[in-house]
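> can't give you the sequence, but here's the structure:
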């Protein structure tokens, strides 16, 4: 049974009900329901257009980031890279290369903190510098934030709203940071994959090895590996 995330996301004043249903043993969680007001919170994109969003959270393994870029090029695929500020500060050339190859850049905070336990101001102090750094390095506008470990609270949403950032989660997590197995990563990324889904990955050795199979599956099933912004249709 495939995990399904139902989200209704708008830029107007609405109460948004986000229901995340996960199957124990696949995503490691249970069903949860959360209601937020006035948020730009996305667990998936539009279920049309054949796009699926590949996301990579980056705080490490610069050599693997380049390998991921080469693999994406080989398959004509695009992705969104959520960049940790402390990593970006030491890897300016790699950040620029991601942008140069036509991929999307978002913020993953500066020091990989738990945003669910932070005040609005603390969230701002962690997110704002990472956004400004990536913007300065690449000369672009950053509009997306992915909270480390998926941990956020209303204060995070308020901070991102004030910064003009959409908060990006996922509909399927490869859990590649924990499970060091190529086949497991491939299965979690592709099994019953549908358009509009967001796939979360990291620059791990086994993820690099799994990526050609993931991209091949996407291509062979009439889907497009796209950026998050493309998936949400903006």
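Happy to help now that I have it. Everything numeric here is computed off the predicted structure, so don't read it as measured data.
> kindly provide the distance from the residue most central in space within the chain to residue 170.
Geometric centre of the chain, nearest residue: residue 55, 4.1 Å, by C-alpha atoms, centre = their mean. To residue 170, residue 55 is 7 Å away according to C-beta to C-beta, to the nearest Å. No exception for glycine: its C-beta is placed from N, CA and C like everyone else's.
> overlap in contacts of these two?
198, 199, 200 (C-beta atoms under 8 Å, 6 or more residues apart in numbering).
> my guess is the first one meets residue 166, correct?
No. Residue 198 is not in contact with residue 166 according to C-beta atoms under 8 Å; the separation is 11.9 Å.
> give the residues shared as contacts by these two.
Any residue near both residue 198 and residue 166 by C-beta under 8 Å, 6+ apart counts here, and that gives residue 42.
> picking up where we left off before, who touches the residue nearest to the centre of the chain in this structure?
So residue 55 contacts 79, 80, 81, 82, 146, 168, 170, 198, 199, 200, 201, 228 (C-beta under 8 Å, 6+ apart).
> who does the one helix or strand residue 158 maps to touch, helix- and strand-wise?
Residue 158 belongs to helix 154-163 when assigned by DSSP states H and E. Judged by 3 or more C-beta pairs under 8 Å, 6 or more residues apart in numbering; DSSP states H and E, the packing partners of helix 154-163 are helix 120-138, strand 166-168.
> if we use 10 Å, what do you get?
Using 3 or more C-beta pairs under 10 Å, 6 or more residues apart in numbering; DSSP states H and E as the contact test, the elements touching helix 154-163 are strand 32-37, strand 41-42, helix 120-138, strand 144-145, strand 166-168.
> what residues sit buried inside it?
Within helix 154-163, the residues scored as buried using 16 or more other C-beta atoms under 10 Å are 155, 156, 157, 158, 159, 160, 163.
> can I get these in JSON lines with pLDDT and distance to residue 60?
JSON lines is the format used below for the buried residues of helix 154-163 (pLDDT from 0 to 100; distance: C-beta to C-beta, whole Å):
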{"residue": "155", "pLDDT": "94", "distance to residue 60": "27"}
{"residue": "156", "pLDDT": "95", "distance to residue 60": "23"}
{"residue": "157", "pLDDT": "94", "distance to residue 60": "27"}
{"residue": "158", "pLDDT": "93", "distance to residue 60": "29"}
{"residue": "159", "pLDDT": "95", "distance to residue 60": "25"}
{"residue": "160", "pLDDT": "95", "distance to residue 60": "24"}
{"residue": "163", "pLDDT": "95", "distance to residue 60": "25"}
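> on that earlier part again, save the helices and strands packed on helix 154-163 as TSV, and put in mean neighbour count and mean pLDDT too.
What follows is these, written out as TSV (neighbours: other C-beta atoms under 10 Å; pLDDT from 0 to 100):
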stretch	mean neighbour count	mean pLDDT
strand 32-37	12	49
strand 41-42	21	92
helix 120-138	19	96
strand 144-145	25	97
strand 166-168	25	95
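> reformat these as CSV; add distance to residue 69.
Shown next, in CSV, are the helices and strands packed on helix 154-163 (distance: least, C-beta to C-beta, whole Å):
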stretch, distance to residue 69
strand 32-37, 34
strand 41-42, 24
helix 120-138, 14
strand 144-145, 18
strand 166-168, 20
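> and of these, who's closest to residue 61?
Evaluated over these, closeness to residue 61 peaks at helix 120-138, with 18.0 Å, by C-beta to C-beta.
> quick one on the thing from earlier: residue 99: which of the helices and strands packed on helix 154-163 is closest?
Residue 99 sits nearest to helix 120-138 of all the helices and strands packed on helix 154-163, at 4.3 Å, using C-beta to C-beta.
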